[in-house]
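S.K.: task: produce atomic coordinates for the following.
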Amino acid sequence: MAKRGPKPMPTKILKLRGSNRAGRRKGGVNVPLNRPRIPRWLTGEARREWQRTAPLLARLGLLTQIDRTMLAIYCQAFADWRQADRFLQDMIAGGSGVVVVTKKGNVVQNPALAVRNQAVERLRKIAAEFGMSPASRVGLETQPRATDQQQKQRFFGGA
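M.R.: This is a model prediction of the structure:
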């Protein structure tokens, strides 16, 4: 039987939100924060999405070696979504739409729309796990990063 209630929030996200519950957590799993390498099997759009998101997640401390597969699945879902969306847009431009007529004359939802929507759902779920949606970031305490000039002034002192 599944646990009731909302899924537990990762300790790192609780800390970013400034929650006092983060300090109450027992031990937990101590995972090294070294950033995982991009999987060789990711290609094209999925590879570019990895290259875009991995550094951002790593900078926030939300990406570790153990997260490699989940991020790869997210990136592949992103590539699937883009491909299905382009295909659907081409069909719409060619006169088809979100519905198509079968050989028997039935009007049905365009299969590309279903593929796109499934990819969007996979993206949405995994993005929330990594704090990559506005709703999953609500309440995160983020400190504005100092610019290089501000860091130099702080270090060297300056007017």
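S.K.: longest helix in the chain, by residue count?
M.R.: In the chain, with assignment by DSSP state H, the single longest helix is helix 68-93.
S.K.: check which element follows that one along the chain.
M.R.: Note on helix 68-93: by DSSP states H and E, the next helix or strand toward the C-terminus is strand 99-101.
S.K.: please identify the buried residues of the longest helix of the chain?
M.R.: Using 16 or more other Cβ atoms under 10 Å as the burial criterion, the residues of helix 68-93 that qualify are 68, 71-72, 74-85, 87-88, 91. Yep, even glycine has a C-beta here, placed from its N, CA and C like the rest.
S.K.: also stretch 35-43?
M.R.: Buried residues in stretch 35-43 (16+ other Cβ under 10 Å): Arg35, Pro36, Ile38, Pro39, Leu42.
S.K.: what sits up against that stretch?
M.R.: By Cβ atoms under 8 Å, 6 or more residues apart in numbering, the residues outside stretch 35-43 that reach it are 47, 50-51, 54-55, 58, 63-65, 67-68, 71-72, 75-76.
S.K.: again, only using 6 Å
M.R.: Trp50, Ala58, Leu63, Gln65, Arg68, Ala72, Cys75 (Cβ atoms under 6 Å, 6 or more residues apart in numbering).
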